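Engineer: Fold the following, please.
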Amino acid sequence: MKKQAGFTLIELVVVIVILGVLAAVAIPKFVDLKAEAATAANEGVAGAAASATAINYGAHAAGKVGAAAPSTLDCTNASIGALMQGGVPTKHTIGGSKPNCTVTSSDGGSTASFVIVGQ
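Structural biologist: Below is the predicted model of the structure:
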């Protein structure tokens, strides 16, 4: 007599149900990651901009030639981007009124803020 190997229909249905339950639990967690990633990206750009203005302030205070006077900086992509290596990332916009600037992302619409050091 031949012995058949394989899974029964009940075993296959149980596995499919378990995979469905796992997917239903995991999908909502991955959906929230996009908004959190946009917020983290904005905070990263704001941190980089704040660091760039602090380094510029220190260089200007030390008398380094080529450092921008902190009073000449404003909350624009051109002004802050000139201090940041590589400039401001393409999907981010810097705005606000100095010394309090905000970074806005075109992706998630979230914002993060930083202060121009030396103002």
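
Engineer: what's the nearest residue to residue 71 if we skip its chain neighbours?
Structural biologist: Counting by C-beta to C-beta, 6 or more residues apart in numbering, residue 119 is the residue found nearest to residue 71 once chain neighbours are left out, at 6.9 Å. C-beta here means a position set from N, CA and C on the backbone, and glycine is covered the same way.

Engineer: what's around that neighbour, how many residues?
Structural biologist: Per other C-beta atoms under 10 Å, the neighbour tally for residue 119 reads 14.

Engineer: middle-most residue in the protein, spatially?
Structural biologist: Compute the mean C-alpha point of the chain, and by C-alpha atoms, centre = their mean the closest residue is residue 41, 0.6 Å away.

Engineer: Let me see the ranges of the helices in this protein.
Structural biologist: Shown for the chain, the helices assigned by DSSP state H span residues 9-61, 77-81.

Engineer: Could you export the ones you listed to a markdown table, including columns for distance to residue 89 and mean pLDDT?
Structural biologist: Output for these, formatted as a markdown table (distance: least, C-beta to C-beta, whole Å; pLDDT from 0 to 100):
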| stretch | distance to residue 89 | mean pLDDT |
| --- | --- | --- |
| helix 9-61 | 6 | 90 |
| helix 77-81 | 9 | 94 |
